[in-house]
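**Student:** Dropping the sequence and predicted coords here.
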Amino acid sequence: MTAAHAISIAVTFTWLGMVVAISFLEAPLKFRAPGVTVPLGLEIGRLVFRALNVAEVVGAALLVAGLLIDGPPTRVVVAGSAAVAVLVVQLVGVRPRLTRRSDRVLAGEDVPRSHAHYVYIGLEVVKVIALLVTGILLLGV
């Protein structure tokens, strides 16, 4: 196993763990904590997801570099590329809408729940599956 291959495996499973822990545990649970208001939860979420997204971009760059260096089978590249593509769609297409909505809530407006939130969650599920498949395929190569 090459160093690039080992790094690709580590990055993939680390990225997967971060997404699962934050998107599917921290994000929904913070609003259940005593004393956490919607505005406070939104501010916490902004901080946490900004940090997660920075870590994801670094992870995506490392994964892409590792795959380019290692040259794994096409199926691995496709699965890894799917995770990276989902991240790009989230950051460029969905996050700005969610940010605009949370800006309005924090300004005191009463706004309905955004459909973009459901799109983001759906994309998180797709990304988790893509990362899991990528990691499993990398382990088998």
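**Tutor:** The structure has been received and is ready for your questions. In this text the structure is predicted, and so the values were computed from the model without any measurement.

**Student:** Quick check: next helix or strand after the lowest-mean-pLDDT helix or strand in the chain?
**Tutor:** Here the helix or strand of the chain ranked lowest by mean pLDDT, DSSP states H and E is helix 27-30, holding a mean of 89. Using DSSP states H and E, the helix or strand that follows helix 27-30 towards the C-terminus is helix 38-70.

**Student:** buried stuff in the next helix or strand after that next one?
**Tutor:** Next helix or strand after helix 38-70 toward the C-terminus (DSSP H and E): helix 74-89. Buried residues in helix 74-89, defined by neighbour count with 16 or more other CB atoms under 10 Å: 76, 77, 79, 80, 81, 82, 83, 84, 86, 87, 89. The C-beta positions use only the backbone N, C-alpha and C, and glycine is treated the same way.

**Student:** Distance check, the residue nearest the centre of the chain against residue 103.
**Tutor:** Centroid-nearest residue in the chain, with CA atoms, centre = their mean: residue 19, separated by 5.0 Å. Residue 19 sits 24 Å away from residue 103, going by CB to CB, to the nearest Å.

**Student:** With residue 36 instead?
**Tutor:** 19 Å.

**Student:** now swap in residue 140 and tell me
**Tutor:** 45 Å.

**Student:** neighbour-wise, which of those two wins?
**Tutor:** When neighbours are counted by other CB atoms under 10 Å, residue 103 comes out ahead of the other of residue 140 and residue 103, with 13 against 10.

**Student:** Could you list every helix and strand that the helix or strand containing the more buried one packs against?
**Tutor:** Under the criterion of DSSP H and E, residue 103 resides in helix 95-106. Helices and strands touching helix 95-106, by 3 or more CB pairs under 8 Å, 6 or more residues apart in numbering; DSSP states H and E, are helix 38-70, helix 115-140.
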